[in-house]
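1. predicted model follows, preceded by the sequence.
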Amino acid sequence: VQRISEIKEVIDLCWDCDLSEENVHNITGTLKLFLRELYEPVLPFDVFDDIIHILDGSDPENLPPDILNSLLRVLSALPQDNKRLLLRVLRLGALVDSHSSENKMPCANVATVLGPNLARRPQGAGVGTEGDPGQALADAPLVNRLCYGMLSHMEGTQQALSGEGG
């Protein structure tokens, strides 16, 4: 935790810093901390319930076309900065997944690590509040399913976030 705080401080002072010699776990921890500390998550509060409702009960790996299209429609309507950041984080997740035979991080594991850092309920919504560990724990499977769905359908996700294609 100490090293993550130090890395964060260096990045806050100088965006163009060399982390090539840094432990991958510290870099990942710093990225997750950055995402968690955003005023509003990458997937904004106003779309949280819509996305969860769209995916409710579905298998994120085998989304029916209507559900996938609904999800991609919501993603394509995100603010431009959110789309750019989400696309970069998901591309990183896809890259990690592509090396899963070496790093033991297949798509499901990547989604479990990234998901809770990309989306959360607004403060005071649902049973708990934003900082309520019980609410975050209850939402974790839904958020992980969302992240897994975006990663499993990376081509469509990329098109929705970058404006390529339809």
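-> Sure, I can see it.

2. which non-adjacent residue is nearest the residue nearest the centre of the chain?
-> Centroid-nearest residue in the chain, with C-alpha atoms, centre = their mean: residue 118, separated by 3.6 Å. Counting by C-beta to C-beta, 6 or more residues apart in numbering, residue 42 is the residue found nearest to residue 118 once chain neighbours are left out, at 4.8 Å. Bear in mind the C-beta positions are built from the backbone N, C-alpha and C, glycine included.

3. give me the three-state assignment for the one you found.
-> Recorded secondary structure, residue 42: coil (DSSP: H, G, I helix; E, B strand; the rest coil).

4. ok, it to residue 92 distance?
-> Here the criterion is C-beta to C-beta, to the nearest Å. By it, residue 42 lies 13 Å from residue 92.

5. mind pulling up the pLDDT for the residue nearest to residue 118?
-> The predicted structure scores residue 42 at 96 on the pLDDT scale.

6. also residue 131?
-> pLDDT, the model's per-residue confidence, is 57 for residue 131.

7. swap in the one 10 residues further on?
-> The per-residue pLDDT reported for residue 141 equals 88.

8. residue 6: how many residues sit nearby?
-> Residue neighbour count, defined by other C-beta atoms under 10 Å, stands at 12 for residue 6.

9. dump the residue contacts of residue 75.
-> With contacts defined as C-beta atoms under 8 Å, 6 or more residues apart in numbering, residue 75 is in contact with 83, 86, 150, 157, 160, 161.

10. dump the residues you listed to CSV, plus pLDDT and distance to residue 21.
-> Putting the contacts of residue 75 into CSV (pLDDT from 0 to 100; distance: C-beta to C-beta, whole Å) gives the following:
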residue, pLDDT, distance to residue 21
83, 97, 32
86, 97, 28
150, 94, 31
157, 94, 32
160, 93, 36
161, 94, 31
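
11. so which of those is the most crowded?
-> Neighbour counts for the contacts of residue 75 peak at residue 150, which has 30 neighbours (criterion: other C-beta under 10 Å).
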